[in-house]
Structure formats: C-alpha cells, structure tokens
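Q: sequence-free structure coming up:
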C-alpha cells in the first residue's frame, strides 16, 4: 500500500553559525536535511565486525580534529577506534517492526536529528574546546493491515553529549587533555530493551615533545560504563567485540543477569619522529568489558597489541629518485587469557622518481596466528 509511485514531503529546518569570541564558534542545526550529502559506497560485509564509514555531513566534519579522542593505532582497521564516532548520531534505526500476515511497513532509513549544537575552537592561550549536544527523534515505522495503520518505535528518543578539552603548555611541547561522552535513550514504552539505556565513556591523554619535537611521548587512559536490561547487557557480552560465551575463554564468565558492564583501556606511543630515521614503540590495551560503540567506534576489546615500528626517509634526490620512504614493523597481540593471537612482520617501501612517477610495494608475514573470533563465539 505504500508503493504508490509518489512520496510528497514538506520539511523545514534551520542552520546557523555564531562567532562567540574570536576563537570559539557555535554551530547549531534544527531538523537538518543531509539529503545533499554524498552517499556511502556500496559495501558487502561478511565479517563479524561493523563497517567504518567516513563522516560526510558538514556539521560534523568541521572541527572533527578537536572533538576526536583516538584510541587506535595506525591507519588500518584498529586505527579508527575513537571515543566519538559522529555517524552514531542520525544513524539507521536499530529496530525493525514485527509484521504479521498481510501487514506492510514503511520504515525510515535514518533517524531524524531534532537539533544539535556544537562549540569548537582554540583560544590564544592554547585551550582547545569541543562541546557537542544532539537530540534525535523517537523514530517510528508505520504499519498497514488492510487499511488500518499502527506505529511501532524502531529507534528511541536519544540524547548524545560530548565534551573534549586540550591545553597546550611550554610553547605547545606539552599537551594535556580529556574527553567525556554520554548517550541516554528513552526506552520506556518501546520494545527496544535490547539497547543500552545509558552509556558513558571518558579518558585523559598526555603528549610530551622533546628536543625540538624530534622525540614524542603520548599516553592515554580511557574507560566506559553501560547500563541496560539483562537482555541488553547479555547481547553486549556476546557481541563480536567480546564473545564472553566462548567455551575456551575460561578467564571470563558470561553472566546473563548483569545490568551493567564496565571496562578500561590504555594507549602508549613513544619514539623518535623527526629526522631521517624514525621509530616508534606502540602499545594499546583494551579490557574485556570495554564498550565504546554507543557513541564511539571500536572493533575489539580483550586485546593487548604491541608494535615496534621503524622507518627511514630519503628526502634528497639521488640516482633516479626524488624521494624514498622505507618502513617496517613487528607486532604481537594477545588476549587477557594469555593466548598469543598473532606475531607478525610487515614492510612497506614507496619511492617518487625524478620523472614524477611513483611506485610502492608492501607485504607482511604472520609467524603465529590464532583466531579466537573466527567461530563467532563458538
């Protein structure tokens, strides 16, 4: 009954930008329309892990370097982990209506943003501020049965909040910062008790540069806490990021009576980042109960990853080359049960030639690989 060949709509919204001070800007939007934004590429995902999509909406892109609190390593899948993932706001609804015989549904493909405001900027004294508040609508699917319509909530009214601050000291050689995110859902009167009712995450980070910024130390600690029904927390324990139900995971217990879950994480990077020869020692630890996927993004918890990375840059032309970069790393990962899940080696080489052509090659080898997730909890 909804496939009539036409779908007339009328919508009103408002966008604005206010210069609060010379350094701070307030952006706000009421009932925004992001229909003009480029669509995501088609994606077929057969893995157990969620696809990461780039943000393309201007409201969230501006100032994203200020609101980001990265808890990943590198630029691969693990590098996308963050306390704040703006694609959560206005996302595709979690639910889908329960249809009986002879029922048809009109289901929204995104959650409407009722309003959002964002304050971003950096003061002359080196204080970087990013504050965001967004409210998304109670989203309903319309269901028809023989001309009689009813509605069913498929995404609850939700409040999303973020506060991110960083302060520069010692001419920018010392940076201290912190972040807090919250998501609060109104689940009363819905059939969406499998969602978290409240989710909070937070962290502090510290960066210190030495000897004219040739050496760097970066450290951060972060945490999460989620609350919900027994069903919601059970699903969280069984998700692809955790798999508490694994029969070989004798160091963790799946508890289907829990109504909350907490976890922590640590990230450390140290090394030489200036000059021709550069190197970094990197480590990231994410405990079993860490949950960032309500307002952030994370693929794996229960993971300890260590990486020793080194590279050499040829910046002056020689022979047929204009420049060249060589780098390699060794890495090892394990879970909190002591199981080594991977030991590997990677290399990359890239060169630019004097005729302005370029070429690159890279590869890797896994000396020891054990997957505790291939059986998806089995």
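A: In hand now; what should we look at? If you're wondering where the values come from, they're calculated on a predicted model, not measured in any experiment.

Q: Quick test: name the residue nearest the centre of the protein.
A: For the chain, residue 297 is the residue whose C-alpha lies nearest the centre (CA atoms, centre = their mean; 2.5 Å).

Q: show me the residues around the spatially closest residue to that one that is not a sequence neighbour that make contact.
A: In this structure, residue 297 finds its nearest non-sequential neighbour in residue 85, 3.8 Å apart by CB to CB, 6 or more residues apart in numbering. For glycine as for every other residue, the C-beta is placed from the backbone atoms N, C-alpha and C. Residue 85 makes contact with 293, 295, 296, 297, according to CB atoms under 8 Å, 6 or more residues apart in numbering.

Q: Next: residue 252.
A: Residues near residue 252 by CB under 8 Å, 6+ apart: 244, 288, 302, 336, 337.

Q: same thing with residue 264?
A: 221, 222, 223, 224, 287, 290.

Q: so residue 273 touches residue 217, yeah?
A: No - contact criterion CB atoms under 8 Å: residue 273 and residue 217 do not qualify, at 10.5 Å.

Q: for the chain, what spans make up the helices?
A: 58-61, 64-67, 230-238 (DSSP state H).

Q: Determine the set of other helices and strands touching the first one.
A: So the one you mean is helix 58-61. Applying 3 or more CB pairs under 8 Å, 6 or more residues apart in numbering; DSSP states H and E, we find helix 58-61 packed against no helix or strand.

Q: For burial, what's the neighbour tally of the closest residue in space to residue 134 that isn't next to it in sequence?
A: Excluding the flanking residues, the one nearest residue 134 by CB to CB, 6+ apart is residue 116, at 3.8 Å. Neighbour count of residue 116, defined by other CB atoms under 10 Å: 22.

Q: follow-up on the earlier one: against residue 299, how distant is the residue nearest to residue 297?
A: Distance, residue 85 to residue 299, by CB to CB, to the nearest Å: 12 Å.

Q: again, but for residue 47
A: Using CB to CB, one gets 9 Å for the distance from residue 47 to residue 299.

Q: Same drill for those two, tell me which one is more crowded.
A: Using other CB under 10 Å as the criterion, residue 47 and residue 299 rank with residue 299 on top: 21 against 11.

Q: who are the neighbours in contact with the nearest residue to the more buried one once chain neighbours are set aside?
A: Of all residues not flanking residue 299 in the chain, residue 49 sits nearest, at 5.0 Å (CB to CB, 6+ apart). When contacts are counted by CB under 8 Å, 6+ apart, residue 49 touches 77, 240, 241, 299.
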